Each structure stands twice: as C-alpha cells, then as structure tokens.
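**Student:** The following block contains a protein sequence and its predicted model.
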Amino acid sequence: MTYLTALLIILLAAAGTPLFAVILAVAMAGFHFLEVDLSVIAIELYRISGTPILVALPLFTFAGYILGESNTSNRLVRLTKAFLGWMPGGLAVVAFVACAFFTAFTGASGVTIVALGALLLPALNQAGYAEDFSMGLVTSSGSLGLLLPPSLPLIIYGIVAQQLDIGEEVSINDLFLAGLLPALLMLLLLSAWSIWANRKTPVPLTRFSKKEAFSAVREAIWEIPMPIFVLGGIYGGYFAVSEAAAATAMYVLIVEVFVYKEIKISEVPAIMRESMIMVGGIILILGVSLASTNFLIDAEVPMHLFNLIQAHVKGKIVFLILLNILLLILGAILDIFSALVIMVPLILPVAVSYGINPVHLGIIFLANMQIGYFTPPVGMNLFIASYRFNKPVTELYKAAFPFMIVLLIAVLIITYWPDLSLVFIKGQ
C-alpha cells in the first residue's frame with residue numbers, strides 16, 4: 001500500500017467518512033497491493049451472511065428495542081426496589097442492578113440512561129443522595145450489563161473471533177457464561193462503594209414489604225421469565241443461541257403488544273425499522289471488517305505485530321498491563337462496535353500467543369470498553385447524560401470519576417484472575 005493511498009484513506013476517515021467505507025477502502029487497497037483479486041471482498045460479505053449465529057443479532061436487537069419503547073423500565077425499577085430497597089444504600093444498589101439487566105437486553109446504546117435515568121435520578125435525589133453522586137451513578141450505570149447475556153457486544157466478539165484461525169474455538173455460549181461472575185463482581189464493588197460513600201449521609205431506609213414485593217412481581221410477571229429464554233433455554237439444552245433469540249423476540253413482542261398493550265400493532269413496523277437500521281450498520285461493518293482481516297492475515301500483520309511486541313514485552317503480565325492501557329484509550333475514542341471489528345483481529349492472535357484464553361480476552365476487552373462509555377473525551381454516556389439532564393459535560397466528568405476508579409479495580413481483578421471468567425466453562 002503506497003503512502004499516498006494510506007494518506008488518502010486517513011483523510012477520508014478524518015473527514016467523517018462512514019466507518020464501513022474506510023475499512024472497505026483499506027481492504028481494497030491492501031488486496032490490490034498484494035495483487036489479490038478484489039472478488040475476495042464480495043466472498044467475505046457473502047460468507048458472513050452464512051454465519052448461523054448472525055441471526056441472533058437482529059432478533060435480540062428487536063427485542064431490546066421493543067422493551068425500550070414499553071414501560072419495562074418502570075416495572076424493573078419497582079421490582080428491584082421492592083426486593084433490594086431495604087438494604088443500606090438500597091436505592092443505589094437498585095439502580096445498578098436495574099441498569100445492568102436493562103442494558104443487557106437493550107444494548108449499550110444510551111437507552112438505559114434515557115429510560116431509567118429519568119426514574120432513578122429524581123428518586124436518588126429525593127432519598128437524600130448528593131447530586132454529584134446521583135449523576136455519576138446514573139451516567140456510569142448506563143453501560144453496566146455489557147457482560148451479561150444476551151449482550152450484543154458479546155455476540156459480535158464471538159462472531160469476529162470465530163472467523164480467525166487461532167486454533168481455539170470461541171463459543172457464544174462460553175462467552176455468555178464467562179461474563180456472569182465478572183458482571184456480578186462489578187455490581188458488588190459498585191454497591192460496596194456506594195454504601196461506603198454515603199455512610200455519613202442520612203439516607204432513609206425503606207422497610208421490606210411483602211405486599212409491595214408481591215404487587216411488583218405480579219406487575220412484572222410476564223417479563224420475569226425473559227432471562228430464562230436466554231440462560232435456561234441455552235444451557236438447559238432446549239435452544240441454540242439463535243433459537244433463544246427467536247423465542248425471546250417472539251415472547252417480548254406478544255407480551256408488550258398483546259398482554260401489556262403498551263405498544264400498538266401499528267407502531268411495531270417503525271420499531272422494527274429502527275432496530276434493523278442499527279443491525280444493518282453492524283452487519284455491514286462486520287462484513288467489510290472480515291475482508292480487511294483477511295488482508296491483515298495475508299500480509300502477516302498479526303505475526304509481525306507479535307514479533308514486535310515479543311521483542312519489547314517480556315511476559316504475559318506486562319502484556320496484559322499494556323493491553324488494559326490500550327483498551328482504555330480505545331474505549332475513550334472509539335465506540336464499542338468499531339473497536340471490536342477493528343482491534344479484535346489484531347489483538348486476539350497476539351494474546352493467544354501469550355497464552356491468554358480467547359474467551360477470557362473477550363471479557364477483558366468488553367470490561368474495558370464498558371468504562372470507555374463514560375471516559376473523556378468522547379464517552380457516549382457522558383454526552384447522553386449531559387443532554388438528558390441538562391448538565392455541563394465537565395460536571396459529569398467529575399461525578400463519574402469515583403465510579404470509574406471502582407470499575408478499574410474490577411477490570412484489574414478480571415484481567416489477572418482468569419478463573420473468575422472461566423470457572424463455569426472449565427466445569428462443563
């Protein structure tokens with residue numbers, strides 16, 4: 001690839017050219033330089049369409065959009081508050097748990113801050129929590145749930161990893177299992193920090209009420225089974241991941257349209273259109289990125305990168321330290337889908353060469369990206385929260401900082417304690 005071509009592609013990217021076009025330009029220029037027929041790009045686009053797990057993406061996304069348009073957020077907050085609100089710092093714990101589960105189904109697209117933030121922020125302020133604490137909590141909670149099934153980034157990481165010849169299988173089922181304990185660790189550390197940070201704040205405790213708990217369960221009775229379709233269905237041997245996605249989408253559609261009747265049938269096509277626009281963008285980026293990945297493999301870029309790193313980085317521990325730093329920087333400047341399709345093909349072969357389990361790497365990758373959602377300068381949740389709550393983004397930087405430190409501690413534990421992610425997989 002000539003310097004002039006490379007400069008032209010960089011200028012296109014700087015001018016705001018869509019990501020898929022930039023990646024496609026890199027792949028086309030690279031294959032032309034290697035004198036490989038450009039029809040290989042069309043072959044890669046066709047190959048990604050034949051990936052069986054790919055059908056789970058539009059189905060889970062559609063289900064998430066339906067939930068985002070309904071009153072599921074209200075019922076979820078009420079349900080978690082009824083069972084956890086009695087604890088010290090209970091409302092903060094409620095916020096973390098509710099946001100994590102809502103994000104897992106709706107995707108980390110800012111929907112959580114918009115849908116749950118309007119409920120949680122006034123409640124936290126009214127309960128006596130400091131405004132900075134409440135703002136930081138809501139902003140940082142918007143990305144919780146990336147490690148919980150059926151998280152779209154988990155699925156996309158699995159799809160990208162499956163296209164690489166790394167000598168180890170990367171199963172979506174394994175990724176779903178691997179994310180459970182790390183996600184729980186994050187929730188526990190954030191909850192512990194919230195309780196300690198407000199130890200001197202006179203936050204009134206609410207008593208546990210059997211009547212309220214029963215009423216909250218009855219109100220959300222049709223939505224409580226949703227995780228069963230994902231976890232129970234897959235690991236009980238009843239569904240493949242794609243089948244679980246289909247069952248979840250159908251169930252959510254029936255419940256929200258015909259049982260709760262919060263979404264009109266006439267509104268479904270518009271919701272479907274919006275969700276498929278997002279999915280179409282992701283699949284297009286995936287297709288061209290796999291073509292770009294083939295160019296990188298043909299040009300032996302991962303091998304050269306590994307040799308370069310191995311010459312300067314001695315040992316797995318040092319590599320993991322540098323990897324975390326790199327991922328935190330990437331999370332601050334790239335959205336998670338771009339980071340996945342661009343960086344995983346480069347990082348994964350090198351990480352495997354250092355003896356890092358590819359499933360564990362996926363959890364490390366997404367845990368870092370989760371922090372990137374509220375890391376300056378371009379953390380998406382910072383700007384969504386700034387717009388939603390009419391607060392200066394610099395104020396949100398300060399408010400979210402303590403939560404960022406807590407999650408960084410969680411990331412270090414996740415990184416250097418691989419069994420936390422792999423214990424359920426090893427037990428299979």
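**Tutor:** Received the coordinates, thanks.
**Student:** mind checking pLDDT for residue 357?
**Tutor:** Looking at residue 357, its pLDDT is 93.
**Student:** surely it meets residue 422?
**Tutor:** Yes: using CB atoms under 8 Å, residue 357 makes contact with residue 422 at a distance of 6.1 Å. Any C-beta I mention is one placed from the backbone N, CA and C, and that applies to glycine too.
**Student:** who does the top helix by length along the chain touch, helix- and strand-wise?
**Tutor:** Identified as the longest helix of the chain according to DSSP state H is helix 268-298. If contacts are counted by 3 or more CB pairs under 8 Å, 6 or more residues apart in numbering; DSSP states H and E, helix 268-298 sits against helix 19-33, helix 39-49, helix 56-69, helix 152-162, helix 336-353.
**Student:** If we use 7 Å, what do you get?
**Tutor:** Applying 3 or more CB pairs under 7 Å, 6 or more residues apart in numbering; DSSP states H and E, one finds that helix 268-298 makes contact with helix 19-33, helix 39-49, helix 56-69, helix 336-353.
**Student:** just checking, what packs against the first one?
**Tutor:** Put plainly, it is helix 19-33. helix 3-14, helix 39-49, helix 268-298.
**Student:** and it, C-alpha only, in CSV?
**Tutor:** Extracted in CSV, the C-alpha atoms of helix 19-33 (Å, rounded to 0.1, in the frame of the first residue of the first chain):
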residue,chain,number,x,y,z
LEU,A,19,-16.6,3.6,9.1
PHE,A,20,-17.5,0.7,6.8
ALA,A,21,-16.3,2.7,3.8
VAL,A,22,-13.0,3.4,5.4
ILE,A,23,-12.5,-0.3,6.4
LEU,A,24,-13.5,-1.3,2.8
ALA,A,25,-11.1,1.2,1.3
VAL,A,26,-8.3,-0.3,3.5
ALA,A,27,-9.2,-3.8,2.4
MET,A,28,-9.4,-2.9,-1.3
ALA,A,29,-6.1,-1.0,-1.3
GLY,A,30,-4.4,-3.8,0.6
PHE,A,31,-5.6,-6.6,-1.7
HIS,A,32,-4.7,-4.5,-4.7
PHE,A,33,-1.2,-4.1,-3.3
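**Student:** Point out where the stretch 251-400 of the chain drops to low pLDDT.
**Tutor:** 297-298, 300, 302, 306, 378 (pLDDT under 70).
**Student:** quick one on the thing from earlier: comparing the helices and strands packed on helix 19-33, which stretch has the densest surroundings?
**Tutor:** Among the helices and strands packed on helix 19-33, helix 268-298 has the highest mean neighbour count (mean count of other CB atoms under 10 Å), at a mean of 19.
**Student:** Show the subsequent helix or strand relative to that helix.
**Tutor:** Under the assignment DSSP states H and E, the closest C-terminal helix or strand after helix 268-298 is helix 301-312.
**Student:** so how far is that next one from its chain's centroid?
**Tutor:** In terms of CA atoms, centre = their mean, to the nearest Å, the centre of helix 301-312 is set 29 Å apart from its chain centre.
**Student:** What's the first helix or strand after it?
**Tutor:** Using DSSP H and E, the helix or strand that directly follows helix 301-312 along the chain is helix 316-333.
**Student:** Now do the buried residues in that next one.
**Tutor:** Under the neighbour-count criterion of 16 or more other CB atoms under 10 Å, helix 316-333 has 319, 320, 323, 324, 327, 328, 330, 331, 332 buried.
**Student:** Hmm, the first one is touching residue 310, no?
**Tutor:** No: applying CB atoms under 7 Å as the test, residue 319 and residue 310 come out as separate, 9.0 Å apart.
**Student:** Format the helices and strands packed on helix 19-33 as a markdown table; extra columns: distance to residue 65.
**Tutor:** Listed next are those as a markdown table, based on distance: least, CB to CB, whole Å:
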| stretch | distance to residue 65 |
| --- | --- |
| helix 3-14 | 29 |
| helix 39-49 | 22 |
| helix 268-298 | 4 |
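**Student:** Which one of the ones you listed lies nearest to residue 86?
**Tutor:** Closest approach to residue 86 among these is made by helix 268-298 (36.3 Å; CB to CB).
**Student:** how far out from the middle of the chain is the closest one?
**Tutor:** 16 Å.
**Student:** Low-confidence stretches in the stretch 51-200 of the chain?
**Tutor:** For the stretch 51-200 of the chain, applying pLDDT under 70 flags the ranges 107-110.
**Student:** Quick one: the helices in it, in order.
**Tutor:** Taking DSSP state H, counting those that start in this stretch as the criterion, the stretch 51-200 of the chain carries its helices at 56-69, 72-84, 90-106, 111-126, 131-141, 152-162, 172-178, 180-197.
**Student:** The first one packs against which elements?
**Tutor:** Spelled out, that is helix 56-69. If you count contacts as 3+ CB pairs under 7 Å, 6+ apart, helix 56-69 packs onto helix 90-106, helix 152-162, helix 241-254, helix 268-298.
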